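Peer 1: predicted model, plus sequence, below.
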Amino acid sequence: MTVSPRIVTALDAHHDRSRFGCGSVALDRYLREQVTQDIRRRVAACFVMLDGNMVAGYYTLSAASVALADLPHDVARRLPRYPAVPAIRMGRLAVDLNYRGEGYGAALLVNALQRAAGSEIPAVALAVDAKDEQAAAFYRHFGFMPLTNDSLALFLPLATVK
């Protein structure tokens, strides 16, 4: 599947979020009603894929930490023995139903990984909490690994992105 060129940028007040619908009430409501509060409070950053001025998809990133004990041994052994290491959490990833099947979810994930790996503030991994097994399979397809015994808590070492 080829993704037609779409710009990915930080969410701005003039971007049209009113018609966004990904099939998840919680993700739709978050984009329409809550994300600007999280941005203003510096809890999360939101990046949108635009079709003109309409939001075709979005993801959020925020600072996080991962307990060293929750990482697989082969990853943890190469890190300092701190109780926790810095990470970036992708809290949400959603694509409007009108754009499904065009590779936009993958394109947004790649953009998030590039943004996280290129950050001036170091982090060890991009962590996600998949909402269900289907979402977890999507992330595993891109090399994400289980973070703990919870099959929905996943991470990808950012060193593999560079």
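Peer 2: Alright, I've got the coordinates. From a predicted model like this one, the values you see are computed outputs, not experimental measurements.
Peer 1: where in the protein is the helix or strand with the lowest mean pLDDT?
Peer 2: helix 73-76 (a mean of 88; mean pLDDT, DSSP states H and E).
Peer 1: so which bits of it are buried?
Peer 2: 75-76 (16 or more other C-beta atoms under 10 Å). All C-beta spots, glycine's among them, are computed from the backbone N, C-alpha and C.
Peer 1: and the helix or strand just after it, what's buried?
Peer 2: The helix or strand immediately downstream of helix 73-76 is strand 84-95, counting by DSSP states H and E. Across strand 84-95, burial judged by 16+ other C-beta under 10 Å covers 85, 87-95.
Peer 1: over to stretch 59-70?
Peer 2: For stretch 59-70, burial by neighbour count (16+ other C-beta under 10 Å) applies to 59-61, 64, 66, 68, 70.
Peer 1: which single one of the buried residues of strand 84-95 is nearest to Arg6?
Peer 2: Within these, the smallest distance to Arg6 is 10.8 Å, found for Val95 (C-beta to C-beta).
Peer 1: list the beta-bridge partners for the closest one.
Peer 2: Gly57 (DSSP bridges).
Peer 1: surely it meets Gly105?
Peer 2: Yes: between Val95 and Gly105 there is a contact under C-beta atoms under 8 Å: 5.0 Å.
Peer 1: can you pull out the strands in this structure?
Peer 2: Using DSSP state E, the strands of the chain run over 7-10, 45-51, 54-67, 84-95, 125-129, 145-146, 153-157.
Peer 1: what are the pairing partners of the last one, and which direction each?
Peer 2: Going back to what we said before, that points to strand 153-157. In the sheet, strand 153-157 lines up with strand 125-129 (antiparallel), strand 145-146 (antiparallel) (DSSP bridges).
Peer 1: coming back round to it: overlap in contacts, Val95 and Gly105.
Peer 2: Taking C-beta atoms under 8 Å, 6 or more residues apart in numbering as the contact rule, Val95 and Gly105 both touch Gly57.
Peer 1: report the distance from stretch 143-160 to the chain centre.
Peer 2: From the chain centre to the centre of stretch 143-160 is a distance of 13 Å (C-alpha atoms, centre = their mean, to the nearest Å).
Peer 1: and that stretch, what's its mean pLDDT?
Peer 2: Mean per-residue pLDDT for stretch 143-160: 90.
Peer 1: ok, stretch 90-107 next?
Peer 2: Mean per-residue pLDDT for stretch 90-107: 95.
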